[in-house]
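Undergrad: just to be clear, the model below is a prediction. Sequence and coordinates:
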Amino acid sequence: MSHRVTLIPGDGIGPEVTAAARLVADATGVQLDWDVVEAGEAAIQSQGTPLPPEVLDSIRRNRLALKGPITTPIGGGFRSVNVALRQQLDLFASVRPARAIAGEGTRFPETDLVVVREATEGLYSGVEHWVDRDHNAAETVNVITRQASDRIVRFAFELAKREKRRRVTAVHKANIMKTTGALFQTAFREMATRYPEIPADERLVDNMCMQLVKKPEEYDVIVTTNLFGDILSDLCAGLAGGLGVAPGAIYGDSLAVFEPVHGSAPKYAGQDKANPVAEILCVELLLRHLGEREAADRVWRAVWETIAEKKVVTYDLALPGYTDRPVPPSSGSAMAREIARKIPLVDLSKPPPRPTARGSPAPVDPQLET
Ligand code: NAD
């Protein structure tokens, strides 16, 4: 059966990494029929808007998209395409797994976390204005609703239950933000009572940043509001090996868009230097979403084996300062070809590799296999 998927190549390194992801997706043998649409700078050039209506129409029709990163101008100019997509399609749950791969590019080889971020409101609601005519004072409104808070905390507990995860931690700042923070906290506490089998706890966001860089292995599912989730998911990506290996997915009730945590990295655009793994692991998440479990496992293992072998890896996994085992760096397209080459060769009879102490894949409890 063929699955029609909207493909948005995006800006900067987006076209390179989405081409790499397509190559790997095609190597799995799952029939993905790509509906390519332009958003971002290419769409501004051709249609005068970064988010033409056909992009939204395509995602609504296919209910599935693979997206490259899109540049957002700082200050004036167009509003963020990413924020607009989330709000217009009601993509409310941004899920960002941070899994260390073969202990490479990280000081924390056991990192295996998932950040679940509310993606439609909070400080990214777009409700902001200058207070005075001289632009010396400004306000941004932090919109938190009970409905969106209930929906995201329920999503996090359901994810923990489905994936047999150990714990759900809510992150907020309810001590200072006495209304918005407290509303989110209350929603979390009440939802936790409906999942008595899943340990639940809370951290203030500042403490959580410190805890994560000291002992990330103690945490598992983290659920939080929009801005805190944006920041924590980059932090967790860093713990797991950097933005080059951090995939993401964003879910609505019936739609799902898969996009890496990283941005368009304009300084590397067109150089074939960027790591394609984050976008390739978005294909893994997409395949799992489609129920194509074997193909998804093949992608994960081929990525793991390529990084563990370290013969064909991009600069961010190869060079001194990024790794304690430097090797000559390869191009992003060479790394993608190596991953695609391995897809049919991986041995599915072995347990899937999981983050653990450097070097050795963890023995796996079959119960934990996803
Ligand atoms: P960025 O993620 O593009 O880059 C941050 C750093 O990580 C840079 O040093 C970059 O070179 C490196 N990096 C990122 N991806 C990499 C990869 N695949 N391989 C190797 N190194 C990689 O973040 P930024 O510079 O803050 O943002 C650039 C633009 O991207 C901005 O316009 C921003 O708004 C946009 N952005 C878009 C998305 C999205 O579309 N979802 C997400 C974040 C940022």
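TA: Cool, the structure landed.
Undergrad: what residues does the chain have near the ligand?
TA: 13, 17, 69-72, 82, 243-244, 259, 262-265, 267-268, 274-275, 278, 316 (C-beta under 6 Å from any ligand atom). Using the backbone N, CA and C atoms, a C-beta is placed for each residue, glycine as well.
Undergrad: can you give me the strands for the chain?
TA: Under the criterion DSSP state E, the chain contains strands at 3-8, 32-36, 64-67, 93-99, 112-118, 128-130, 138-140, 168-172, 200-204, 221-224, 249-251, 256-258.
Undergrad: for the ones you listed, could you give me JSON lines that also reports distance to T49, mean neighbour count and mean pLDDT?
TA: What follows is the strands of the chain, written out as JSON lines (distance: least, C-beta to C-beta, whole Å; neighbours: other C-beta atoms under 10 Å; pLDDT from 0 to 100):
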{"stretch": "strand 3-8", "distance to T49": "14", "mean neighbour count": "22", "mean pLDDT": "98"}
{"stretch": "strand 32-36", "distance to T49": "18", "mean neighbour count": "15", "mean pLDDT": "97"}
{"stretch": "strand 64-67", "distance to T49": "17", "mean neighbour count": "24", "mean pLDDT": "98"}
{"stretch": "strand 93-99", "distance to T49": "24", "mean neighbour count": "25", "mean pLDDT": "97"}
{"stretch": "strand 112-118", "distance to T49": "26", "mean neighbour count": "26", "mean pLDDT": "97"}
{"stretch": "strand 128-130", "distance to T49": "21", "mean neighbour count": "10", "mean pLDDT": "95"}
{"stretch": "strand 138-140", "distance to T49": "24", "mean neighbour count": "11", "mean pLDDT": "96"}
{"stretch": "strand 168-172", "distance to T49": "35", "mean neighbour count": "25", "mean pLDDT": "98"}
{"stretch": "strand 200-204", "distance to T49": "40", "mean neighbour count": "17", "mean pLDDT": "98"}
{"stretch": "strand 221-224", "distance to T49": "31", "mean neighbour count": "28", "mean pLDDT": "98"}
{"stretch": "strand 249-251", "distance to T49": "21", "mean neighbour count": "21", "mean pLDDT": "98"}
{"stretch": "strand 256-258", "distance to T49": "19", "mean neighbour count": "24", "mean pLDDT": "98"}
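Undergrad: closest to D150 out of these?
TA: Proximity to D150, assessed across the strands of the chain by C-beta to C-beta, is greatest for strand 112-118 (10.5 Å).
Undergrad: tell me which other helices or strands that closest one touches.
TA: Under the contact definition 3 or more C-beta pairs under 8 Å, 6 or more residues apart in numbering; DSSP states H and E, strand 112-118 sits against strand 93-99, helix 146-162, strand 221-224, helix 226-240.
Undergrad: for the ones you listed, give me CSV that also has distance to T120.
TA: Shown next, in CSV, are those (distance: least, C-beta to C-beta, whole Å):
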stretch, distance to T120
strand 93-99, 9
helix 146-162, 6
strand 221-224, 14
helix 226-240, 8
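Undergrad: just name the most buried of these.
TA: Mean neighbours per residue, mean count of other C-beta atoms under 10 Å, is largest over those for strand 221-224, with a mean of 28.
Undergrad: how far off centre is stretch 322-329?
TA: 25 Å (C-alpha atoms, centre = their mean, to the nearest Å).
Undergrad: quick one: buried residues of that stretch?
TA: 322-323, 329 (16 or more other C-beta atoms under 10 Å).
Undergrad: closest to the ligand among those?
TA: Y322 (9.4 Å; C-beta to the nearest ligand atom).
Undergrad: next up, the contacts around the closest one.
TA: 105, 242, 315-316 (C-beta atoms under 8 Å, 6 or more residues apart in numbering).
Undergrad: go ahead and confirm V299 touches I280.
TA: Yes: between V299 and I280 there is a contact under C-beta atoms under 8 Å: 6.6 Å.
Undergrad: who touches both of these two?
TA: What both V299 and I280 touch, as defined by C-beta under 8 Å, 6+ apart, is the set 24, 339.
Undergrad: tell me, what residue is most central in this protein?
TA: For the chain, the residue nearest the mean C-alpha position is G248 (1.9 Å; C-alpha atoms, centre = their mean).
Undergrad: got a pLDDT number for that residue?
TA: G248 carries a pLDDT score of 97 in this model.
Undergrad: would you turn the buried residues of stretch 322-329 into JSON lines with distance to T169 and pLDDT?
TA: Formatted as JSON lines, the buried residues of stretch 322-329 follow (distance: C-beta to C-beta, whole Å; pLDDT from 0 to 100):
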{"residue": "Y322", "distance to T169": "29", "pLDDT": "86"}
{"residue": "T323", "distance to T169": "30", "pLDDT": "85"}
{"residue": "P329", "distance to T169": "36", "pLDDT": "97"}
